[in-house]
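Asks: Got a sequence here, can you build the structure:
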Amino acid sequence: MNSEYYISSFCNIKNNMISLNGSKVYSDDNSEFSKFIKAAYKSLETNYPKFFKMDDLSKLAFLAADVLLKEENLNLEEENDIAIVFSNKASSLDTDRKHQKSIENKKDYYPSPAIFVYTLPNICIGEISIKYKLLSENSFFIFDKFNAQHLLDYTNSLLSAQKTEKVLCGWVELEENKYEAYLYLVSKTGTITHDKQNIIKFSNT
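Replies: Residues are numbered from 1 along each chain as shown. This next block holds a predicted model:
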């Protein structure tokens, strides 16, 4: 059984810029996340109306995944055997705070169901899975900091156990206007070895 896997592509979103495999695909001067991500969505012609109903963490993860998966030319009429393994530090805290604020408003008490839906970090995985019909394994882990070793071990175990053909994994962190997404796709063939050194290297690209 093959024990070596490969990073086929990676996407970074940070500092008002989106890059794919180290090359810039979009940037602007919007310091406010909501304006930046909406402008990027339109520029990249994502064309997914549900995007505007998502919370900010889901928008960040969804757009990074969309940039990556567009390159795969997936058949959206059939199930795609791609697992998802995400991680971050703040969980869904940004949305949780908005939900808490609506609860604390005693004069106008009406917690928004639209916000409550997103008070779990793995909801962003669901949004990606719906568009691309990813019906394989999925997990969302919470760490104090980016944990490349865990992503490496967990992803390789899924592939070794033949539970999936590919794995979309990485780090998606958002708290107010501080945000960072680093996603990469791992497969059984390629030229860039899926190891801790390369995972960390591309996270800083």
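Asks: tell me which residues in the top helix by length along the chain are buried?
Replies: If you go by DSSP state H, the chain has its longest helix at helix 56-70. Neighbour-count burial for helix 56-70, counted by 16 or more other C-beta atoms under 10 Å, picks out 56-69. Where you see a C-beta, it was placed from the backbone N, CA and C, and this is true even at glycine.
Asks: mind listing what the most centrally placed residue in the chain touches?
Replies: Centroid-nearest residue in the chain, with C-alpha atoms, centre = their mean: A61, separated by 3.0 Å. Contacts for A61 (C-beta atoms under 8 Å, 6 or more residues apart in numbering) come out as 86, 124-125, 127-128, 172, 181, 183.
Asks: Recalculate using a threshold of 7 Å.
Replies: Applying C-beta atoms under 7 Å, 6 or more residues apart in numbering, we find A61 in contact with 86, 124, 128, 172, 181.
Asks: before we move on, the earlier item: looking at the buried residues of helix 56-70, spot the one nearest K101.
Replies: In terms of C-beta to C-beta, no member of the buried residues of helix 56-70 lies closer to K101 than D56, at 14.6 Å.
Asks: wait, the closest one sits on E175?
Replies: No - if you go by C-beta atoms under 7 Å, D56 and E175 don't touch, sitting 9.3 Å apart.
Asks: so where is this protein shaky, pLDDT-wise?
Replies: 1-3, 93-94, 96, 99, 102-111, 116, 119 (pLDDT under 70).
Asks: swap the cut-off to 50 and go again
Replies: For the chain, applying pLDDT under 50 flags the ranges 1-2.
Asks: how close does the nearest residue to Y26 once chain neighbours are set aside sit to L159?
Replies: Leaving aside its sequence neighbours, Y26 sits nearest to I18 (C-beta to C-beta, 6 or more residues apart in numbering; 4.4 Å). Distance, I18 to L159, by C-beta to C-beta, to the nearest Å: 27 Å.
Asks: Likewise for L120?
Replies: Taking C-beta to C-beta, one finds L120 at 26 Å from L159.
Asks: Comparing the two, which residue is more hemmed in?
Replies: L159 (22 against 15; other C-beta atoms under 10 Å).
Asks: Secondary structure of the more buried one: a strand, I assume?
Replies: No - judged by DSSP: H, G, I helix; E, B strand; the rest coil, L159 forms no part of a strand; its state is helix.
Asks: which ones are touching it?
Replies: 5, 167, 188.
Asks: From those, which land in strands?
Replies: Within the contacts of L159, residues falling in strands by DSSP state E are V167.
Asks: circling back: between the contacts of A61, which is nearest F52?
Replies: Out of the contacts of A61, the member with the shortest distance to F52 (by C-beta to C-beta) is C124, at 14.6 Å.
Asks: My guess is that closest one contacts S58. True?
Replies: Yes - if you go by C-beta under 7 Å, C124 and S58 touch, sitting 3.9 Å apart.
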